[in-house]
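In: what's the 3D shape of this:
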Amino acid sequence: MDFSLTEDRRMLSDSLSRFLADKYAMDHRGKVAYDAPFHDVALWGEMAELGVLYALAPEDAGGFGGAGFDVTTVFEALGRGLCPEPVLGALMASKLLAAAGADQAALLDGSRRYAVAIGELDAPYDLEGIETAVTDGKLAGRKSVVYGGNDADVFLIAARSGDRLAVYEVAASDAQVTGYGLIDGGGAAELFLDATPGTLLLDNAEAALTDALDAGRLALCAEAVGAMDATNEILLDYLRTRKQFGVAIGKFQALQHRAVDVVTEIEQARSITILAASRIGEADQSRAVSMAKTLVGRAARLVAEEAIQMHGGIAMTWEAAVSHYAKRLVMIDAQLGDVDFHLERVMAGYAA
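Out: Modelled structure (predicted):
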């Protein structure tokens, strides 16, 4: 099968990659990713003008993409550029808005930032343990680690309405939002709801929430692939130029073997991400995404650890780009379900 990008996706990938190379050099990222609002507000608008957000939504919702491979095209470029912009929240919000048939023009043009609040302290990854509830249109509960929530204008919140899950739209100004930075850059928030007014967006929303979570997990897999590619390029350049005993360390056979192992892991991660992207919209979508998240989580950690070890102490410094890529690769595993969580899901699927 031919998994080459279509012409439109290749153009989007090239445009976004050039934009990030020009606008998100490591020194600029260091200035914006770790201080509030933990991203570049001005460049968010420029990314929207490039059509990045439109690529994440289907045509009937005002976008020009929305398929699995559109998601992977965008997020692989974001991973390669180590971009801290809150695109993940926009993707998941777009899926929920599309399921509701709601207007999302303000999301797609970047003028309104959305965050999706699903996870809770006792249910960080899944839907079954959600305890946030709604009574007479008022929400009560706490949402934890809401990605991009520190700078969001609107929250889409998963809450229990009787015996079913629903999604409510809540203005940031109506909720108590405690924002903070993440260790790998970018921002998140704790969201406290106490008789907070909300507008019903989706009733009986479990299927739509699952689709949004699957899209987000696929996006993280693609981001990891892009970040692993960039990490490997940095590593290979270091092996070619760093000398010991008068020769480049890349001449040492032991390091050559380890470098080959890194490439093998990256290609396996790329392959299973492609598989997951091809299953979006199919009956086995969730299992394919969990399979990808499991393998990619393990591969990303291995690539991060190998890159740091083969660099040596320099890789632990703030100035070394590889240290920032390594942090991001390790933390991707913790987002929207870690290796153990998704491995359990895959095993349950096989058992069924």
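In: do you know how far the residue lying closest to V167 once chain neighbours are set aside is from A212?
Out: Setting aside the residues directly before and after it, V167 is nearest to L202 in space (Cβ to Cβ, 6 or more residues apart in numbering), at 4.1 Å. Glycine gets a C-beta too; all of them are placed from N, C-alpha and C. Taking Cβ to Cβ, to the nearest Å as the measure, L202 falls 10 Å from A212.
In: so which of the two has more stuff around it?
Out: Between L202 and A212, A212 has the larger neighbour count (other Cβ atoms under 10 Å), namely 26 against 22.
In: residues in contact with that one?
Out: Shown in contact with A212 (Cβ atoms under 8 Å, 6 or more residues apart in numbering): 92-93, 95-96, 99, 116, 118.
In: before we move on, which element is it in?
Out: Using DSSP states H and E, A212 sits within helix 206-241.
In: buried residues, that helix. List them.
Out: 208-232, 234-236, 238-239 (16 or more other Cβ atoms under 10 Å).
In: any idea of the mean pLDDT in that helix?
Out: Averaged over helix 206-241, pLDDT sits at 96.
In: please name every helix or strand in contact with the helix or strand that that helix is followed by.
Out: Counting by DSSP H and E, the next helix or strand C-terminal to helix 206-241 is strand 243-244. The contact analysis (3 or more Cβ pairs under 8 Å, 6 or more residues apart in numbering; DSSP states H and E) places strand 243-244 against no helix or strand.
In: any figure for the gap between the residue nearest to V167 and T273?
Out: Distance, L202 to T273, by Cβ to Cβ: 28 Å.
In: picking up where we left off before, top of the contacts of A212 by number of neighbours, please.
Out: When neighbours are counted by other Cβ under 10 Å, A93 leads the contacts of A212 with 31 neighbours.
In: what about that one, is that helix, strand or coil?
Out: For A93, the secondary-structure state derived from DSSP: H, G, I helix; E, B strand; the rest coil is helix.
In: got a list of what A207 touches?
Out: Contacts for A207 (Cβ under 8 Å, 6+ apart) come out as A99.
In: swap that for H324, sorry
Out: 26, 29-30, 82, 184-185.
In: helix 206-241 and the helix or strand containing it, what's the angle between them?
Out: Element membership of H324, judged by DSSP H and E, is helix 321-332. Helix 321-332 and helix 206-241 are oriented at 150 degrees to each other (axes from the mean of the first three to the mean of the last three Cα atoms, to 10 degrees).
In: and the angle for the helix or strand that helix 321-332 is followed by with helix 206-241?
Out: Counting by DSSP H and E, the next helix or strand C-terminal to helix 321-332 is helix 339-351. Relative orientation of helix 339-351 and helix 206-241, computed by the same axes, to 10 degrees: 120 degrees.
In: which SS class is E169?
Out: Three-state assignment for E169 (three-state DSSP): strand.
In: tell me, how many residues neighbour it?
Out: 19.
In: wait, it sits on A158?
Out: No: assessed by Cβ atoms under 8 Å, E169 is found out of contact with A158, at 11.6 Å.
In: with distance to L50 and pLDDT added, can I get the contacts of A212 in a markdown table?
Out: Listed next are the contacts of A212 as a markdown table, based on distance: Cβ to Cβ, whole Å; pLDDT from 0 to 100:
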| residue | distance to L50 | pLDDT |
| --- | --- | --- |
| M92 | 20 | 98 |
| A93 | 19 | 97 |
| K95 | 20 | 97 |
| L96 | 23 | 97 |
| A99 | 25 | 96 |
| V116 | 22 | 97 |
| I118 | 28 | 96 |
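In: show me which of these is closest to P124.
Out: Taking Cβ to Cβ as the measure, P124 lies nearest I118 of the contacts of A212, at 9.2 Å.
In: just give the nearest non-adjacent residue to that closest one, would you?
Out: A158 is the one closest to I118 (Cβ to Cβ, 6+ apart), at 4.6 Å.
In: that neighbour is in what secondary structure piece?
Out: Going by DSSP H and E, A158 is part of strand 154-161.
In: with E46 instead?
Out: helix 41-50.
In: what's the answer for D194, then?
Out: For D194, the host element (DSSP H and E) is strand 187-197.
In: least confident secondary structure element in the protein?
Out: Ranked by mean pLDDT, DSSP states H and E, the weakest helix or strand in the chain is strand 243-244, scoring a mean of 83.
In: dump the residue contacts of L97.
Out: Counting by Cβ under 8 Å, 6+ apart, L97 makes contact with 61, 103-104, 107, 114, 156, 201.
In: 7 Å instead?
Out: Applying Cβ atoms under 7 Å, 6 or more residues apart in numbering to L97 gives the contacts 61, 104, 107.
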